[in-house]
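Trainee: Following is a predicted model, sequence given first.
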2 protein chains.
Amino acid sequence: MAKLTKREDNYSQWYNELVVKADLAENSEVRGCMVIKPYGYSIWEKMQAALDKMFKDTGHSNAYFPLFVPKSLFEAEEKNAEGFAKECAVVTHYRLKNDPVNPGKLIVDENAKLEEELIVRPTSEAIIWKTYKNWIQSYRDLPILVNQWANVVRWEMRTRLFLRTTEFLWQEGHTAHATKKEAIDETEQMIRVYAEFAEKFMGVPVIQGLKTPAERFAGAEDTYCIEALMQDGKALQAGTSHFLGQNFAKAFDVKYATKEGTQEYVWASSWGVSTRLIGALIMAHSDDFGLVLPPKLAPIHVVIIPIYKGEEQLAQVSEVAIEMRAKLQTLGLTVKYDDRDTHKPGFKFADYEMKGVPVRVAIGPKDLENGTVEIARRDTLEKQSMSIGSAVDHIYDLMDIIQENIYAKALKFRADNTHEVDTYDEFKKRVKESGGFISAHWDGTEETEERIKQETKATIRCIPIDNKIEQGICIRTGKPSKQRVVFAKAY
Amino acid sequence: MAKLTKREDNYSQWYNELVVKADLAENSEVRGCMVIKPYGYSIWEKMQAALDKMFKDTGHSNAYFPLFVPKSLFEAEEKNAEGFAKECAVVTHYRLKNDPVNPGKLIVDENAKLEEELIVRPTSEAIIWKTYKNWIQSYRDLPILVNQWANVVRWEMRTRLFLRTTEFLWQEGHTAHATKKEAIDETEQMIRVYAEFAEKFMGVPVIQGLKTPAERFAGAEDTYCIEALMQDGKALQAGTSHFLGQNFAKAFDVKYATKEGTQEYVWASSWGVSTRLIGALIMAHSDDFGLVLPPKLAPIHVVIIPIYKGEEQLAQVSEVAIEMRAKLQTLGLTVKYDDRDTHKPGFKFADYEMKGVPVRVAIGPKDLENGTVEIARRDTLEKQSMSIGSAVDHIYDLMDIIQENIYAKALKFRADNTHEVDTYDEFKKRVKESGGFISAHWDGTEETEERIKQETKATIRCIPIDNKIEQGICIRTGKPSKQRVVFAKAY
C-alpha cells in the first residue's frame, strides 16, 4: 500500500488520499456525488445511532417527507427560495423512450413533460411546512417535534468527499411551537445536543455560537452553529440550528387557535448535521499513517492479527486469539480476528492503521511461549507487551482512555491555535501564517465583515454563546465594539 | 373519531381510511408521494432494525450509492432499462432563476441544462455495477455483500399509500460472486431471510417461490418472491430476490481474475423489500376497529389509561400506573401512560385500538379498591380484570401469545383460502367469488399465462420452491403439466 502524502507537505492531498485509502468513500460516475463505502458508512451508522438516541431522548420522533418539492411550494418562502435557487436539481420529465435514431439508446420523452417542475429537496422546510398546515389547528397540536433522516441535493460547483458533495446524507429536525420562547429554547437545546455529540462521541471540541446575519441560513431569524478547528488551522462548521421565527408559518399560512381562542402564527426551528461530520472527524484527529477514530464511533474497536509460520502455529495462535475475541465481545467491543492467509502481517498492520482501528493486538509464537500479547494503540502508536491474563481488562480500559486522549489532544490543539488579536496587522499575519481561531473585535456591520473577508479570506465563524461583553475597538475600522467574535478561514 | 368503513362493505376504502386514521401516512402535495407520519415511520424503524440485523448476521454491510444515474449508465443493461424507462423521473437542469415576468417567482434557468440527463434511481443496479467494476479485480475481492437503505422513484400512474407510491423507501442488496452457484445460493438465502422476517416479525405467512419469466425483474435470470394473502383474498408480493446471472457484469464489463489466472465475468444477485411491507402488515391483520400490530413491530407495546374524577383520584391511579410502567419497561417493553386531561378515556380507548397497540391497561377507582387492573388484548378484543400483583408478568407473557395468535390466525386464513382447482370453470368461479390462492396446473407457456390473466385478472404469483412434481393437465389448454403453480388476483 503506497504511503499517504504527509499533512505538512500537502494537507488537502493528504485528506483526499486518506478518504480513499481508508476505504471510506470515493467519487462516483455522477458529478459531485460520492459513493460511501461500507467502512465509511459504518461510521455514519454509529453517528446516526448516537444522534438518533439523543433526538429521541429529547422528545423527537422520526418521519419521512417527499424527496421532491413542487416549484410553487419551493418559492413560497422567498428568502429560503432565493438562497437555494441557484443550486437546485430540477425534474422536468417523467418518462424516457427509445431513441429512434440510435437503437438501444434512450431519450427523454417530450410528451412526458411535467406541468410543474419538481425540485429535488436541498432542504425540506417548504414541503414540511405545507404538511404542517394540515397537522396544526390548535395549541393542543403543538409542539411538533419531528426529525427526518434523508438525502438532499445541492448543486455545488466545487465538491470534496464528505465536506461538500452534490448529494449528501443528513438529518433535518423541523419543529413547530406555540410561542417564540419555546422555539428559541428548542433551537438552543439542539445546538447543545450537537455540541455534546461532537465532544463526547467525535472527540472534537466545538465553539457554540451565533452566525452573523450575512452567514445565516436562508429564511432564518437566527442561526446557531458549532465550529470545529481542523489540523490545518481552518474552521469547519459542523452543525447548525435555526430559529425560523414565523417566516415559514406565514409563507404557508400555518396558524393555531390559542387557549383563549385567538389565531396565531406558529413558531419554528430547524436543525441539521450531515455526512460532513465524517470529514470533520477525519481532519480533526488523523495522522500521516491514516485515520484515527475515537472508540465510540469506531466500526471495529480491536483487531487481532496472528503472526505465524505454518498451519500448526496458526492453530495455536488462533486458540488464544479466539478466546480473547470472545471475552472482548462479552464486554461489548467489536473485535475482528484477521487470519486471512492472503495478506502478510505487515500489510495488515498498515491497513488497520490506515483505517484507524483504536487497538491492535498481535499474537506470535514468542507470545505463546511467554504467555503475552502485543497491544498497540492507534492514537499514540505506542506498543506494549502484556500478559494474556491482564490484556482483556486493559484493552477494555483503553477504550475510554483513547476516547479521552483524542479529545484532550484536539482540545490542546485548539487552545494552542486560538488567539486574541487586537490589531489588523497582527490579524492578517495570523490568518496568513498560522490560521486557527482568532478572537477579535468587530464593529458589527456587514460592510466590515465583507471587507475583512475580501482582504484576508477569513470569515466570522460565530459570535460565541458564552461571549463576555467587553468594550473594544474594531480591528478593521477602529469603531467601537462591545464584544469579540471568532474569525477563521473555513471549509 | 368517525368510525372506519367496514372491511366487508368496502375493503379498499377501509384500507385507505385506516392508514390515515391510525396516523400512519398521508398523501402529500407531490403527486403519488406520501408523507410517512411519526407513528407509521416508527413501524418502519422496527422493520429496518430487524431486517438490518438479519442482513448483518448473514455477512452483509451497508453502503450508499448516488441518487442519480446518468442516462448512459441507465441504458447499459438493456432489459433493465427497458423495464424502467417508462416510469423515470428525469433531472434535466441544475438551477432556477428569477422569473422576469412574475416578480417573486422562479423559473428553470435554460442556461443550466445538463449535458447528460440524470435519472432518479428506480433501482440501483446500474450505478452500483459501474462502481463494482472498480472494486473487483481478482477472486480475492469477491464476494461483495452490500446492502443500501434508500429512497427510490418510479413514476406510477395509480398510487396508493404504502402499496404503490411514486417515491418509496426500501433496502436493496447487491452482491457479486465468483461462481454461479454462490450467486444462486445468496439469492435463495435472502428470500429465506425475507420469509423468516415476514413470518416471525410481521406474523404474515408467505409462500416462497419463483416468478414466471413474464413476471421476472427486468434484467434478472430468475426472480424469487414471497407472496402473502390479504384478508380480501388478494395476494401481495412482499419481497423479491433476483439472480442476475452475468447480465450486469457483461453490461458494465466487470471481470475478475480467477485463482488460475483466467478472466471471468462476475455473477450477481439483488434483493429488496420496501415500505410496501407496511401495507401488507395492515391488510393481513387489521380489523374494523383499526390496526392490529404484532408486538415485535409495535412502536408501543402497552398503553395505560387512567379512569378518574378529579385530581386526587388521578394521583392515586397514577401512582399504580407509573409503578407498573416502570416494571414493564424493565422487562424491555415500550409503555405509554396516557394521562392527558384533554381527552376522555373512551376517546383514548378507540384511538389506541385504531393504532393497534397490543395491550391496553385501564385503571380506575374500583380497581384501586379491589387491587386490580383491566387488561384488554387488541388482537382478540378480550378484556380481563386481574390482580395488580400478577398483571406485569401476564402482560409480558401476552406479547408472545399475541405474536403467535396473530400469525396463527393469518395462517388459518390462508389455509382456508387456498384451494387446489382442476377445471377452468372452477378456477374462474373461485377467482370471481372467493379469491385466495389457487393451486392449478399450467402448461408452462407465456401465452397461456397471459390468456388466463386477460380472462380472469388472476396472475401466476409464483411456482413454489417446495413444489411437488405432479403430472397434470393445464386448466386452460388441457396440455400436459408437470406441476401446479399458485394463481391469485394481486395488489
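Mentor: In hand now; what should we look at? Numbers count the residues shown, from 1 in each chain, chains lettered A, B, ... in the order given.
Trainee: Could you list the low-pLDDT ranges of the stretch 251-400 of chain A?
Mentor: Along the stretch 251-400 of chain A, segments meeting pLDDT under 70 are nowhere present.
Trainee: Residue of it nearest chain B, please.
Mentor: A:Thr342 (5.7 Å; Cβ to the nearest Cβ). All C-beta atoms are positioned from the backbone trio N, CA, C, and that covers glycine.
Trainee: ok, that residue touching B:Ser138?
Mentor: No: in this structure, A:Thr342 is not within contact of B:Ser138 by Cβ atoms under 8 Å, at 9.8 Å.
Trainee: Spell out the secondary structure type for the residue of the stretch 151-300 of chain A found nearest chain B.
Mentor: When scored by Cβ to the nearest Cβ, the stretch 151-300 of chain A has A:Trp155 as its residue closest to chain B, at 4.3 Å. Under the three-state scheme (DSSP: H, G, I helix; E, B strand; the rest coil), A:Trp155 adopts coil.
Trainee: what's the burial count for it?
Mentor: By other Cβ atoms under 10 Å in any protein chain shown, the residues close to A:Trp155 number 23.
Trainee: hang on, the earlier thing: ok, now which ones touch the residue of the stretch 251-400 of chain A closest to chain B?
Mentor: Shown in contact with A:Thr342 (Cβ atoms under 8 Å, 6 or more residues apart in numbering or on different chains): B:Arg140.
Trainee: can you confirm it is in a helix?
Mentor: No: A:Thr342 is assigned coil when assessed by three-state DSSP, not a helix.
Trainee: For it, what are phi and psi?
Mentor: Main-chain dihedrals, A:Thr342, degrees, to the nearest 10: phi -90, psi -10.
Trainee: how about the helices of chain A, start to end?
Mentor: Here chain A has its helices, by DSSP state H, at A:11-21, A:38-57, A:71-74, A:78-84, A:125-135, A:180-196, A:247-251, A:276-285, A:310-330, A:345-354, A:365-370, A:388-416, A:424-433, A:446-456.
Trainee: And the first one, how far out from the chain middle?
Mentor: A distance of 17 Å separates the centroid of the chain from that of helix A:11-21, by Cα atoms, centre = their mean, to the nearest Å.
Trainee: Just want the angle from it to helix A:276-285.
Mentor: Per axes from the mean of the first three to the mean of the last three Cα atoms, to 10 degrees, the angle that helix A:11-21 makes with helix A:276-285 is 120 degrees.
Trainee: One more: the fifth one?
Mentor: Between the axis of helix A:125-135 and that of helix A:276-285 there is an angle of 130 degrees, by the same axes, to 10 degrees.
Trainee: A:Gln246 reaches A:Tyr256, doesn't it?
Mentor: No: look at A:Gln246 against A:Tyr256 with Cβ under 8 Å: they stay out of range, at 11.3 Å.
Trainee: tell me, what's touching the two both at once?
Mentor: A:Val266.
Trainee: Write out the residues of the stretch 251-400 of chain A neighbouring chain B.
Mentor: A:Thr342 (Cβ under 8 Å from any Cβ of the partner chain).
Trainee: Check A:Gly104 and give its pLDDT.
Mentor: Note on A:Gly104: pLDDT of 88.
Trainee: Tell me who's in contact with it.
Mentor: The contact partners of A:Gly104, taken as Cβ under 8 Å, 6+ apart, are B:Glu75, B:Glu78.
Trainee: what about it, distance to A:Ile375?
Mentor: Note on A:Gly104: its distance to A:Ile375, by Cβ to Cβ, to the nearest Å, is 59 Å.
Trainee: Need phi/psi at A:Lys479.
Mentor: Phi and psi for A:Lys479, reported as degrees, to the nearest 10, are phi -70, psi 160.
Trainee: Excluding residues flanking it in the chain, which one is nearest it?
Mentor: Of all residues not flanking A:Lys479 in the chain, A:Asp443 sits nearest, at 3.9 Å (Cβ to Cβ, 6 or more residues apart in numbering or on different chains).
Trainee: ditto for A:Val392
Mentor: Setting aside the residues directly before and after it, A:Val392 is nearest to A:Lys327 in space (Cβ to Cβ, 6+ apart), at 4.7 Å.
Trainee: quick one: contacts for A:Arg7?
Mentor: A:Arg7 touches A:Trp14, A:Gln231, A:Asp232, A:Asp287, A:Asp288, counting by Cβ under 8 Å, 6+ apart.
Trainee: do the same with A:Ala198
Mentor: Counted by Cβ under 8 Å, 6+ apart, A:Ala198 has contacts A:Val204, A:Pro205, A:Val206, A:Ile226, A:Ala228, A:Ala238, A:Gly239, A:Leu277, A:Ala280.
Trainee: Now neighbour count too, for those residues, in a markdown table please.
Mentor: Output for the contacts of A:Ala198, formatted as a markdown table (neighbours: other Cβ atoms under 10 Å in any protein chain shown):
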| residue | neighbour count |
| --- | --- |
| A:Val204 | 28 |
| A:Pro205 | 21 |
| A:Val206 | 27 |
| A:Ile226 | 29 |
| A:Ala228 | 28 |
| A:Ala238 | 25 |
| A:Gly239 | 28 |
| A:Leu277 | 26 |
| A:Ala280 | 25 |
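Trainee: Contact partners for the residue nearest the centre of chain A?
Mentor: Most central in chain A under Cα atoms, centre = their mean is A:Leu277, positioned 1.4 Å from the mean C-alpha point. Counting by Cβ under 8 Å, 6+ apart, A:Leu277 touches A:Met47, A:Ala198, A:Met202, A:Ala238, A:Gly239.
Trainee: My guess is the last one contacts A:Val273. True?
Mentor: This means A:Gly239. Yes: in this structure, A:Gly239 is within contact of A:Val273 by Cβ under 8 Å, at 4.2 Å.
Trainee: Overlap in contacts, the two.
Mentor: When contacts are counted by Cβ under 8 Å, 6+ apart, A:Gly239 and A:Val273 have A:Tyr194 as shared neighbours.
Trainee: For the residue nearest to the centre of chain A, give its distance to A:Gln48.
Mentor: A:Leu277 is 10 Å from A:Gln48, by Cβ to Cβ.
Trainee: and stretch A:124-142, is it in reach of chain B?
Mentor: Yes: residues of stretch A:124-142 contacting chain B under Cβ under 8 Å from any Cβ: A:Ile127, A:Lys130, A:Thr131, A:Asn134, A:Arg140.
Trainee: Around the closest residue in space to A:Asn134 that isn't next to it in sequence, how many other residues sit close by?
Mentor: In this structure, A:Asn134 finds its nearest non-sequential neighbour in B:Glu26, 7.7 Å apart by Cβ to Cβ, 6+ apart. For B:Glu26, the count of nearby residues is 16 (other Cβ under 10 Å).
Trainee: where does B:Glu26 land on pLDDT?
Mentor: Here, the pLDDT recorded for B:Glu26 equals 98.
Trainee: Can you name the residues bridging to it?
Mentor: For B:Glu26, the beta-bridge partners under DSSP bridges are B:Val35.
Trainee: isn't it right next to B:Val20, touching?
Mentor: Yes: at 5.8 Å, B:Glu26 counts as touching B:Val20 under the criterion of Cβ under 8 Å.
Trainee: okay, and the common contacts of those two?
Mentor: Residues touching both B:Glu26 and B:Val20 by Cβ under 8 Å, 6+ apart: B:Leu161.
Trainee: And the contacts of stretch A:452-461?
Mentor: Here stretch A:452-461 makes contact (Cβ under 8 Å, 6+ apart) with A:207, A:209, A:211-212, A:215, A:225, A:227, A:235, A:237, A:427-428, A:431-432, A:437-438, A:442, A:449, A:475-476, A:485-490.
Trainee: still on that earlier bit, could you tell me which of the residues of stretch A:124-142 next to chain B count as buried?
Mentor: Among the residues of stretch A:124-142 next to chain B, the ones that count as buried by 16 or more other Cβ atoms under 10 Å in any protein chain shown are A:Ile127, A:Lys130, A:Thr131.
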